[in-house]
Each structure stands twice: as C-alpha cells, then as structure tokens.
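1. Predicted model, plus sequence, below.
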Amino acid sequence: MEPDISYTTEEVAKLLKISKLTVYDLIKKGELPSYRVGKQMRVDASDLEAYKRRAKGIAANEAAFPAAPVSRVVPHPPGPVSGSSPIVITGQDVSLDILASHIEKRVDGVRPLRAYAGSLDSLMAMYRGEADLVSTHLLDGDTGEYNLPYIRAILVGFPYLVVNLLSRRAGFYVPRGNPRKLAAWEDLRQPGLRIVNREKGSGARVLLDEQLRLHGIRPDRLLGYDTEETNHLGIAAKVASGEADVGVGIEKAASIVGNVDFIPLIQERYDLVLLKNRSWTDSVLRILNSEAFRSELGAISGYDLTITGRILLET
C-alpha cells in the first residue's frame, strides 16, 4: 500500500465495513492515528494497514509502516473554570447566535465565541477540548434516535449535559411547483435526478446518507452527490437556480431563498451539549428556560419549542 495515500473517515468506514461512529471511536481512543485537512479528518494508508494488522493479532512492522504521531489535546478539566474564559459555541443555526447574545448580556465574566461547524465536527471539537457548548442534529437511522447515540459514542468519560434547543422540520428543497413530484426518500431513485449535497459531518449530510442506506439507494446513482455546499441557504440557492433538482435541508432556508418549495419529511431534534461543572453551566440552563429567550426564538418561523430547555441526558 502506497505510503502517501490517505482516506477520509467515510472511506475508512467503507474499507473496514464498519460505521463512521466506530471509526471516530477508534480515532478518539488513539487506535487509529488521524490528522485534519481543512474540515476533514484523514487517515494515512500506512496507519490503516498497521491497525488492520494489529486487529488480526499480527505485530505491525514499524520499519515498513511507521505510525504517524497522534496529536492529543487534553480536554477541559471537569472542575469549575474561573471568570474570563471564553465559551466556544459551535453550530450554524441562527438560534445559537441568539443564545450567544443572551449569554453575553446575562452571564458575568464570560465571552461567547461562535464557531460555524457541522454537527459531527462540533462533537469532535468538544472531544479535543476546542469547544464548550456544541449543537447537533444527527439521525441514527437504525434506532430513529437523534443525537444521543453519536454523543455517547464520541464523548465517553466526559461530564456533560444534553439539552434540547428546539425542533424543526427537515426535508427536500425542490424547484417551485415540484416538477419531479418528489414526496418521499424513495423518490431519490428517480433516474437522472440531480442533487446538491452538504459537506461531510453536517447533520443534513448524515440525514441523507442514513436515508440512502435505509432505502438501499447507492449514492453514486445520484448525479451531483459529490457537489457540496456548506449551509442550508447554499443548498436551497442551487435548487432555485436550476443547478439541481433536489437538496436536503431545513424549512427556514426555503422561505429565505424563494423560488423553492419545501417538502417536509422529518421532524429533527436540535440539541445542545454543555460541559458540566463550568462556572457558566447553570446560567446557560436558566437562559434556555427563560421566557425572554423562548420569546425571541418563538418569533422565528419553523421552530418548535415544546421541549426547549429540557435535559435529555446527563453524565
């Protein structure tokens, strides 16, 4: 195997015939060395081969397959952090900007910083100690559960809370009038269908990939599957301009872009993961349950606030 070849986590999962969650778990435990190129995590072919040899009980030949050093970031300590430490909040929804504004106004001695990353990248950033409060909307197709299977697998041993921020509808963006008559995930089988996709690690990409897997639809049968945009507005705009027949995203973006119809397919739960025992944890929980915060979120169409502020999991 050539030493200069590298693979994405998705490619590693396919090569080993395991889930992407298992790949992330191997990386997290240090069993599979990795590094980042832009937003992607990559694994060198030599390190993958060495892991396979170890898994088979064969001693790796270190001279032939030198292992790349694994960069380790020590997570935030579980004890309280004093005063002026910034809070890094990751995710792309406008609700997070509203939350950051409330934190800035109502929590003394902290400064919220926003990072615009997808759901899986956000969880991995928290694992590496690079984020304090992350958002996620990741569907586990086998259980139908949102977020918790991924969070449990990635944040093993972390003290954290999972709290609901909101729920919202996700589905298809289609051209006005829905000329392809797309109404269900099975309709992605239509021949010649052109799609525009989200980047790997985003919640919308995971949703699409899980539905393709569950319905036995091969991604390479979708024209444009490798064409990626980094946000919902970009997806909706590609459909509105006629460059694609369909894209997956949330309802709100369709109303902003215009010339696009939205076909709702699933109610997704958009949750927050907060580190516990921080100087600001209780204050953020109070904000999430406050009338002022809920009122501001409620003014935005498409948000379901039925369980906003509810703790869904605590470690």
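-> Noted; the coordinates are in hand.
2. Tell me which residue is most central in this protein.
-> Central residue check for the chain by CA atoms, centre = their mean: the C-alpha nearest the mean position is that of Ser119, 1.7 Å away.
3. Contact partners for it?
-> Residues near Ser119 by CB atoms under 8 Å, 6 or more residues apart in numbering: Gly91, Ser135, Thr136, His137, Leu138, Tyr150, Gly201, Ser202, Gly203, Val206. Heads up, the C-betas are built off the backbone N, CA and C, glycines and all.
4. rerun at 6 Å
-> Thr136, His137, Leu138, Gly203 (CB atoms under 6 Å, 6 or more residues apart in numbering).
5. Repeat that for Val257.
-> Val257 makes contact with Ala236, Ala237, Ala240, according to CB under 6 Å, 6+ apart.
6. For the helix or strand where the second one lies, buried residues please.
-> Applying DSSP states H and E as the criterion places Ala237 in helix 232-240. Judged by neighbour count (16 or more other CB atoms under 10 Å), helix 232-240 contains these buried residues: His232, Leu233, Gly234, Ile235, Ala236, Ala237, Lys238, Val239, Ala240.
7. my guess is the fourth one meets Val248, correct?
-> No - counting by CB atoms under 6 Å, Val248 is not a contact partner of Ile235; they are 7.1 Å apart.
8. now the strands for the stretch 101-250 of the chain?
-> 111-115, 133-136, 139-140, 145-146, 160-175, 195-198, 228-229, 246-250 (DSSP state E, counting those that start in this stretch).
9. These: which one's closest to Ile307?
-> Checking those against Ile307 by CB to CB gives strand 160-175 as the closest, at 4.7 Å.
10. pLDDT on that closest one, on average?
-> For strand 160-175, mean pLDDT is 98.
11. Repeat that for stretch 18-26.
-> Stretch 18-26 shows a mean pLDDT of 72.
12. what do you get for stretch 117-136?
-> Rounded mean pLDDT across stretch 117-136 is 93.
13. Listing request: residues of this structure with sub-threshold pLDDT.
-> By pLDDT under 70, the weakly predicted segments of the chain are 1-4, 20-21, 25, 28-29, 36-40, 57-84.
14. tell me the domain boundaries of it?
-> 1-72, 83-315 (automatic domain parsing).
15. Mean neighbour count, those domains: which tops it?
-> Highest mean neighbour count among the domains of the chain (mean count of other CB atoms under 10 Å): domain 83-315, with a mean of 18.
16. The residue nearest to the centre of the chain and Ser95, how far apart?
-> Per CB to CB, to the nearest Å, Ser119 is found 14 Å from Ser95.
17. now the closest residue to Glu31 other than its chain neighbours, what's its secondary structure?
-> Using CB to CB, 6 or more residues apart in numbering and skipping the chain neighbours, the partner closest in space to Glu31 is Tyr51 (6.4 Å). Following DSSP: H, G, I helix; E, B strand; the rest coil, we place Tyr51 in the helix state.
18. thought Tyr51 was touching Gly30?
-> No - in this structure Tyr51 lies outside contact range of Gly30 using CB under 6 Å: 10.8 Å.
19. shared neighbours, these two?
-> With CB under 6 Å, 6+ apart, Tyr51 and Gly30 have no common neighbours.
20. got the contacts of Val257 as JSON lines, with distance to Arg194 columns?
-> Shown next, in JSON lines, are the contacts of Val257 (distance: CB to CB, whole Å):
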{"residue": "Ala236", "distance to Arg194": "15"}
{"residue": "Ala237", "distance to Arg194": "14"}
{"residue": "Ala240", "distance to Arg194": "13"}
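21. of these, closest to Tyr303?
-> For the contacts of Val257, the residue nearest Tyr303 by CB to CB is Ala236; the value is 17.6 Å.
22. Verify the contact between the closest one and Glu251 for me.
-> No - with contact defined as CB under 6 Å, Ala236 does not count as touching Glu251 (10.2 Å).
23. ok, Ser167 to Ser119 distance?
-> For Ser167 relative to Ser119 (CB to CB), the value is 15 Å.
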